[in-house]
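Enquirer: Build the 3D model from these lines:
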Amino acid sequence: MKKVAFTLACVLFAINITAQDLDGYRLSGGAYISPKEYVLYLKLPFFKETFLKGKITTAKGRVVTPIDLRFDMFTNELQYLYNKRVYLVSEPVSEFILFEPIGDSIVEYKFRKYQLENHGKVEPVFCEVLYDGSIKLLKYVKKSEMNVSEMTQATTKKTFIDYEVLYLQQEDKPLLKLDKNVKNLLSLIPFNKQQQVEDYIKLNKIKINNKEQLTNVLIFYDSLNPKF
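Expert: Residues are numbered from 1 along each chain as shown. A predicted model of the protein is given here:
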């Protein structure tokens, strides 16, 4: 790998990136070539397999846009496409947004960096922001590599499996892992609003582990707070 720098015409600064050739995860078929073995990936570890237009906000508050991005959820790294080559963004990133054209509309995916505990260690990881209100709904997906079968002594089939966790966050407080009942959600809501939220959940038969339904609960709660 080598250090390179690029300058986007729309910004007045450069950001360091690290070059990586396409022998990593190939765009065609997911074939991976390493010095010791041939590995065929049945599933790739990217949030979206194609590069999407995006926007990066660095840890220093600088914004880079537009930029062609792809998020590797196995390594928790951002890739950048430049002159048909793949590069790794090496400058610390606090947030990035991906824009996916679907039909006549653009779907926006926002990711923000958080500190999560993993096997006793606190690690910086990107979580998808599903709802960015007074109480935030976040999704963290950990992709793990798994062998499927060995076709020959030198060839292996592999895939990636997902482990998904939902979190709630109020202001800048630590993330709260979502459980299957409503108790930890209500713990973030002021006492004088809890009954209204509970009534909304019962009336609409909300399933807390359903991301879309839970988002509607948070939208309803914010409607009770005109200042937000």
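Enquirer: pLDDT below threshold where in this protein?
Expert: Within the chain, the stretches with pLDDT under 70 are 1-37, 150-154, 227-228.
Enquirer: Helices of that one, residue ranges please.
Expert: 183-186, 191-203, 211-223 (DSSP state H).
Enquirer: Switch the ones you listed over to a markdown table; also include mean neighbour count and distance to residue 166.
Expert: All C-beta atoms are positioned from the backbone trio N, CA, C, and that covers glycine. Shown next, in a markdown table, are these (neighbours: other C-beta atoms under 10 Å; distance: least, C-beta to C-beta, whole Å):
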| stretch | mean neighbour count | distance to residue 166 |
| --- | --- | --- |
| helix 183-186 | 16 | 11 |
| helix 191-203 | 13 | 16 |
| helix 211-223 | 16 | 7 |
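Enquirer: With distance to residue 102 added, can I get the ones you listed in TSV?
Expert: Shown next, in TSV, are the helices of the chain (distance: least, C-beta to C-beta, whole Å):
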stretch	distance to residue 102
helix 183-186	30
helix 191-203	30
helix 211-223	17
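Enquirer: Of those helices, which is nearest residue 65?
Expert: With distances scored as C-beta to C-beta, the stretch of the helices of the chain nearest to residue 65 is helix 211-223 (25.8 Å).
Enquirer: Could you export that closest one as PDB, CA atoms only?
Expert: Taking C-alpha atoms only, helix 211-223 is exported to PDB below (Å, rounded to 0.1, in the frame of the first residue of the first chain):
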ATOM      1  CA  LYS A 211     -37.300  -0.900  13.300                       C
ATOM      2  CA  GLU A 212     -40.000   0.900  11.300                       C
ATOM      3  CA  GLN A 213     -42.500   0.700  14.100                       C
ATOM      4  CA  LEU A 214     -40.000   1.800  16.700                       C
ATOM      5  CA  THR A 215     -39.100   4.800  14.500                       C
ATOM      6  CA  ASN A 216     -42.800   5.800  14.500                       C
ATOM      7  CA  VAL A 217     -42.800   5.700  18.300                       C
ATOM      8  CA  LEU A 218     -39.800   8.100  18.400                       C
ATOM      9  CA  ILE A 219     -41.400  10.400  15.900                       C
ATOM     10  CA  PHE A 220     -44.500  10.500  18.000                       C
ATOM     11  CA  TYR A 221     -42.400  11.300  21.100                       C
ATOM     12  CA  ASP A 222     -40.700  14.100  19.300                       C
ATOM     13  CA  SER A 223     -44.100  15.500  18.400                       C
END
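Enquirer: list the helices and strands it packs on?
Expert: Packing contacts for helix 211-223, counted by 3 or more C-beta pairs under 8 Å, 6 or more residues apart in numbering; DSSP states H and E, involve strand 121-132, strand 135-150, helix 191-203.
Enquirer: Which strands and helices lie in contact with the second one?
Expert: Contact here means 3+ C-beta pairs under 8 Å, 6+ apart; on that basis strand 135-150 packs against strand 105-118, strand 121-132, strand 155-170, helix 211-223.
Enquirer: and residue 45, which of the ones you listed is closest to it?
Expert: strand 155-170 (4.6 Å).
Enquirer: In contact with residue 76, which residues?
Expert: 125, 126 (C-beta atoms under 8 Å, 6 or more residues apart in numbering).
Enquirer: for the helices and strands packed on helix 211-223, which one sits closest to residue 90?
Expert: Of all these, it is strand 121-132 that lies closest to residue 90, at 14.0 Å by C-beta to C-beta.
Enquirer: about what we covered before: distance to residue 160 added to the helices and strands packed on helix 211-223, as CSV?
Expert: Formatted as CSV, the helices and strands packed on helix 211-223 follow (distance: least, C-beta to C-beta, whole Å):
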stretch, distance to residue 160
strand 121-132, 16
strand 135-150, 4
helix 191-203, 34
